[in-house]
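# pasting a predicted model and its sequence here:
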Amino acid sequence: MIFNSLVFVLFIACFFALWSFVKNHTTIRCCYILAASLFFYGWWNWYYLFVLILSSVVDFTAALLIGRSSSKRRKKLWLTLSMLTNLGMLGTFKYSEFIVENINNFLHFLGYTEADLIVNLPDFFLVLPIGISFYTFQSMSYTIDVYKGELKPTKNILHFFTYLTLFPQLVAGPIERAPNLLPQITQTPKSLTEEERFRALCLIIWGYFKKMAIADNLAYIVDSAFGSPIMNSSSLWWWVIIFGFAFQIYCDFSFQIYCDFSGYTDIARGLARWMGLHLMKNFNTPYFSTDIREFWSRWHISLSSWFRDYVYIPLGGSRNGTWRTYRNLWITLGLSGLWHGAAWTFVCWGLCHALFSSIERLFGVCTTLKKKGSFGIILAWFLTSVQILVAWVFFCSEDLSQALDVLKAMFSLDFTGGTPFGEFFRWGFIGVDMSTKRIYFTLFVCGCLFLAEAFWLFCRKRNLNLVEKLKISPLAQAIFMGIFLFLCVFLRGPGKQFVYFQF
């Protein structure tokens, strides 16, 4: 069940129709949320509920046993059991085909025939359970925190199951830590004011607008470009395509505007607020970062902080010399890329960020530029943006060969040959078909939102409250929400599932 479907709208309407009757009793409320969450997840394929339940049972039990153990050796044993179970399931479902494929390719390289190759995997292991990367990481963080002594294990399995399976953030995050979300699960939610309900509704509408009106329209452009058997040679074309993909994946406006992944996050946060729960903010204007390190502190914050706390710092972080710092950085970002998908393109995406971050640490170009005043900050932002866009090429390419071809075209400085924009630049909208006009309109909206975000960020840094300064009335805000809801319906692109559902 995906958020941008009619069945989900019916599901959420039924859920909140009964919410006021169950929310004031902890056990009944948790049972209700758990039942709704399992129904929500099982709607896709109920067989894979057993994977989710197994992960929950193992980590709940392991955390209890860690809490009861007096010796460090036994604690480490139960933690290892938890890690092996979660990583084993993740590896089996997400990476087994990738591993088998690479072994087969290696055997081919050595000259073995088809008869000598590894047998194919059963079909059950070729389907990736939706959200497995998210809920296994969330579950592991709970067990690790208990092992480190930073959290006491809950003795109520119902509370833990509700925390882990909460449907707004179950399949695409944010990856919530137990110290933040678990206490909210066990406490009776406060009654929301009308203003709080309206803000939650605004968040949901913003999320749907990002997804349906912007991301799905941009997806049409990006999928057409990367799915075409004939590679376009225009440098301009590919820079526009990668820019479009960047907005398809993310487009934020500090008043919570727009696109695929941030759209999902906004919908999830809005739904959780209606339940009296507060999920963490997963984005903080990452496309205004002035170096790669800052980008990762603003992009997919729940995941980047997870890798920082449970991979980078345990490896030694930046405490043990320059060489080990770079080693830890490359391992962390390489694993982050692999987390996104079982393909070398995702690994290269992560390693691109590791390379750019290492160069920045080594030469300090962006750091130096930022000390030169406003113009230097703009140059640092531009340089960082180019690096981010270059890395996105690997993320959205089907294979490494295609990624290299796209990069070659992007830096060929050929701004004329084969560009589909040629007719547009010559004639504007005259003679352009409706689908192409829709594409141009979407790109125009993306540019406007980018400028709006820059303006909003400027005002926020100077503590300017525009809502109060411009005296935007609640009625005017409601009208704006109605307009964006209208655009969601009448400018929606071809319906697609959220990008991060595949991870």
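Received, thanks. Residues are numbered from 1 along each chain as shown.
# tell me how the protein divides into domains.
6-186, 192-283+421-503 (automatic domain parsing).
# could you pull out the helices for the stretch 251-400 of the chain?
For the stretch 251-400 of the chain, the helices defined by DSSP state H, counting those that start in this stretch occupy 260-274, 292-298, 301-307, 322-340, 344-363, 365-370, 374-396, 400-410.
# let's test this: mean pLDDT of the helix or strand hosting A219, rounded?
Remark: A219 resides in helix 216-227, with elements defined by DSSP states H and E. In this model, helix 216-227 has an average pLDDT of 68.
# repeat for stretch 314-329
Mean per-residue pLDDT for stretch 314-329: 88.
# which residues does it contact?
Y312, I331, T332, A354, S357, S358, R361 (CB atoms under 8 Å, 6 or more residues apart in numbering). Every residue, glycine included, has its C-beta placed from N, CA and C.
# dump it to PDB, restricted to CA.
Extracted in PDB, the C-alpha atoms of stretch 314-329 (Å, rounded to 0.1, in the frame of the first residue of the first chain):
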ATOM      1  CA  PRO A 314      33.000   2.700  16.000                       C
ATOM      2  CA  LEU A 315      35.600   2.400  13.200                       C
ATOM      3  CA  GLY A 316      37.500   5.200  14.900                       C
ATOM      4  CA  GLY A 317      36.000   8.200  13.300                       C
ATOM      5  CA  SER A 318      38.700  10.900  12.900                       C
ATOM      6  CA  ARG A 319      40.500  10.100  16.100                       C
ATOM      7  CA  ASN A 320      43.300   7.900  14.900                       C
ATOM      8  CA  GLY A 321      45.200   9.800  12.300                       C
ATOM      9  CA  THR A 322      44.600  11.100   8.800                       C
ATOM     10  CA  TRP A 323      44.900   7.800   6.900                       C
ATOM     11  CA  ARG A 324      42.500   6.000   9.100                       C
ATOM     12  CA  THR A 325      40.100   8.900   9.000                       C
ATOM     13  CA  TYR A 326      40.000   8.700   5.200                       C
ATOM     14  CA  ARG A 327      39.700   4.900   5.400                       C
ATOM     15  CA  ASN A 328      36.700   5.200   7.800                       C
ATOM     16  CA  LEU A 329      35.100   7.800   5.600                       C
END
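# tell me which helix or strand of this structure sits lowest on mean pLDDT?
Here the helix or strand of the chain ranked lowest by mean pLDDT, DSSP states H and E is helix 422-427, holding a mean of 42.
# ok, of the domains of the chain, where does mean pLDDT dip lowest?
Looking at the domains of the chain, the weakest mean confidence is domain 192-283+421-503, a mean of 66.
# right, and L351 touches G334 too?
Yes: at 5.4 Å, L351 counts as touching G334 under the criterion of CB atoms under 8 Å.
# on that earlier part again, okay if I get the helices of the stretch 251-400 of the chain as JSON lines plus mean neighbour count and distance to S56?
Formatted as JSON lines, the helices of the stretch 251-400 of the chain follow (neighbours: other CB atoms under 10 Å; distance: least, CB to CB, whole Å):
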{"stretch": "helix 260-274", "mean neighbour count": "26", "distance to S56": "19"}
{"stretch": "helix 292-298", "mean neighbour count": "20", "distance to S56": "29"}
{"stretch": "helix 301-307", "mean neighbour count": "21", "distance to S56": "18"}
{"stretch": "helix 322-340", "mean neighbour count": "18", "distance to S56": "20"}
{"stretch": "helix 344-363", "mean neighbour count": "19", "distance to S56": "27"}
{"stretch": "helix 365-370", "mean neighbour count": "17", "distance to S56": "43"}
{"stretch": "helix 374-396", "mean neighbour count": "18", "distance to S56": "31"}
{"stretch": "helix 400-410", "mean neighbour count": "17", "distance to S56": "37"}
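# how about those, which one is nearest N104?
Nearest to N104, of all those, is helix 344-363, at 14.6 Å by CB to CB.
# check the offset of the closest one from the chain's centre.
Relative to the centre of its chain, helix 344-363 is centred 19 Å away, using CA atoms, centre = their mean, to the nearest Å.
# again with stretch 294-304
Using CA atoms, centre = their mean, the offset of stretch 294-304 from its chain centre is 10 Å.
# many thanks, I have nothing further to ask.
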